[in-house]
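my questions concern the predicted model and sequence given below.
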Amino acid sequence: MTAKPRPVPTPDTQFYWDRAAEEELWLPRCDAEGTVFWYPRDFCPSCGSRSVSWVRASGRGTLAAFVVNHTPHPSYAADGPYVIALVQLEEGPRLMTNILGVEPDPAQLPIGMPVEVVFEDRGEGLKVPQFRPVAA
Ligand SMILES: [Zn+2]
C-alpha cells in the first residue's frame with residue numbers, strides 16, 4: 001500500500017507543521033489589521049504588511065463546500081471514496097482539507113455542518129489537520 005502524501009514544510013509553513021505535530025491548529029494573522037488568512041506567507045494578502053504573526057485557532061468551523069472523490073490517488077484507495085472539503089474556519093479563512101468520520105454521501109454532508117479539527121498521523125512526527133463532524 002502506498003503511504004498517503006506527506007506535506008513538505010517550507011520556511012513559511014514550518015511553524016504551522018510544528019504546531020500541528022502537537023495537535024494544535026495555528027493560522028497566520030496580519031499585525032496591522034488583524035486579518036487572519038490562509039495559506040501561510042510572510043506578508044498579508046489583504047494589505048501587504050510584512051508584520052505577520054500566528055494565532056491559535058479554535059479548530060472549529062463549518063462545511064463550506066465538498067466533493068466526494070470516487071477515483072482516489074492509490075495512497076487513498078484503501079479508504080474507498082473520501083471527502084475533499086473547504087472548511088470555513090471560525091477565524092475567517094477557508095481551509096482545504098478532508099472530512100473524516102462520515103459516510104462519503106452528500107446526504108451526510110450538509111453545507112454549514114459544524115466540524116472540528118482532528119490530526120491524522122502521517123508518521124515521522126508529521127500530523128495533517130483534517131476535520132470531522134461535531135458530535136450532536
Ligand atoms: Zn493586513
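Received it, and whenever you're ready, just let me know what you need.

and the protein, which residues reach the ion?
Contact residues, the chain versus the ion (C-beta under 5 Å from the ion): 30, 32-33, 35, 44, 46-47, 49. To be clear about C-beta, it is placed using only N, CA and C from the backbone, and glycine gets the same treatment.

quick check: what element follows the lengthiest strand in the chain along the chain?
Counting residues, the longest strand found in the chain (DSSP state E) is strand 60-69. Using DSSP states H and E, the next helix or strand after strand 60-69 towards the C-terminus is strand 82-89.

what's that next one packed up against?
Applying 3 or more C-beta pairs under 8 Å, 6 or more residues apart in numbering; DSSP states H and E, we find strand 82-89 packed against strand 60-69, strand 94-99.

quick one: buried residues of it?
The neighbour-count check on strand 82-89 (16 or more other C-beta atoms under 10 Å) flags 82-85, 87-89 as buried.

do the same with stretch 96-109
So, applying 16+ other C-beta under 10 Å, buried residues of stretch 96-109: 97-99, 102, 104, 109.
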